[in-house]
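Participant: need a 3D model of the sequence below.
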Amino acid sequence: MQKASFDEIAPDVHGKISKRTAQLDGVDVTRVTFDVGARWSVDLKEYAGTDSCVLPHVALVLAGTLRVVMDDGSEEDFSAGQVMLLPPGHDAWTVGDVPCTFVEFSRGNDYYAA
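Facilitator: Sure, this is the predicted structure:
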């Protein structure tokens, strides 16, 4: 068994986006917060060095709403209590006046491995 506490992990902050990652055997669990006004293309694009986010995400939204627009123009809002699976190639931002917080689960780059 393993456990971790997000509150004991130093945040990784980029503009209005912060994350805390607990690294467990075989899986990373990350609490991500998009503060009001946060947008991937404003707060993380330069750091990432890509035109859109190239990482896939599997997450549970805990609070607020996140709007996601894929490179092909399709879009969806994800709100508290919903689960999202985002393939690579997207931008995302907070909708409304409540920060969006979600918990993401990842296994490195093997999300879609056969």
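Participant: which stretches of the chain form helices?
Facilitator: Secondary structure of the chain (DSSP state H): helices at 40-43, 45-48.
Participant: for the ones you listed, give me TSV that also has distance to residue 26 and mean neighbour count.
Facilitator: Every C-beta, even on glycine, is put in place using the N, C-alpha and C of the backbone. Listed next are those as TSV, based on distance: least, C-beta to C-beta, whole Å; neighbours: other C-beta atoms under 10 Å:
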stretch	distance to residue 26	mean neighbour count
helix 40-43	27	18
helix 45-48	25	14
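Participant: which one of the ones you listed lies closest to residue 57?
Facilitator: Among those, the nearest to residue 57 by C-beta to C-beta is helix 40-43 (10.8 Å).
Participant: still on that earlier bit, out of the helices of the chain, name the one with the poorest average pLDDT.
Facilitator: Lowest mean pLDDT within these: helix 45-48, a mean of 92.
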